[in-house]
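All I have is the shape, not the residue letters:
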C-alpha cells in the first residue's frame, strides 16, 4: 500500500515539475518553438559545451535520468507485475506522453534525447528496486531462520 501511495505522489510531482513548474523557462511565451528529432544531437551539444554551460549541462543530462529513477523504483512497488521490460516500456511511454504534451502545448520542448535519458532513468530505478528487494528478502529470510532456530532450543 505504501508503494502505491508513493507512486501516486511521485507521478503528481513529476507532472507538476515537467509541465507546470517555472524551472527551465516554462513561463512566458516562446517566439519560436524548438524541438529535436535527432537522437544524441542535444546530448552531444550539452557535452561539447559543458564548460561554457556549467551546471545547465549537468542539469539537462543527469536531471532527465534522475527525475525518472523514482518511477522505475516505485512502479514495481505499486504493481504486482515486476518486469524489467514493463518498466522499460512504461518509462518510455510516460516520457513520450510528457514530450508529446510539451510538443502540442509548447511548454518546454520535445526532444528525443529526453526520451532516451528518461527511459534510462526508469531502468536504473528498476535496478535499484531489484537490489533493494533482494536485500529485503535476504534479510527477511535470515530473520525468519533465526526465529525458527530459537524456537527449537
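Arrived safely. As the structure is a prediction and not an experimental result, all values here were calculated from the model.

Show the model's pLDDT score for residue 103.
With respect to pLDDT, residue 103 scores 87.

right, and it touches residue 111 too?
No: Residue 103 lies out of contact with residue 111 (Cβ atoms under 8 Å); the separation is 9.6 Å. Yep, even glycine has a C-beta here, placed from its N, CA and C like the rest.

higher neighbour count, the two?
Counted by other Cβ atoms under 10 Å, residue 103 and residue 111 do not tie: residue 111 has more neighbours, with 24 against 15.

so what's the more buried one up against?
35, 36, 42, 99 (Cβ atoms under 8 Å, 6 or more residues apart in numbering).

If we use 10 Å, what do you get?
Contacts for residue 111 were tallied using Cβ atoms under 10 Å, 6 or more residues apart in numbering; they are 34-39, 41-43, 60, 64, 99, 102-103, 117-118.

does the nearest residue to residue 78 once chain neighbours are set aside sit in a helix or strand, and which one?
Nearest non-adjacent residue to residue 78, counting by Cβ to Cβ, 6 or more residues apart in numbering: residue 7, 3.8 Å away. Using DSSP states H and E, residue 7 sits within helix 2-15.

got the buried residues for that helix?
By 16 or more other Cβ atoms under 10 Å, the buried positions in helix 2-15 come out as 7, 10, 11, 14.
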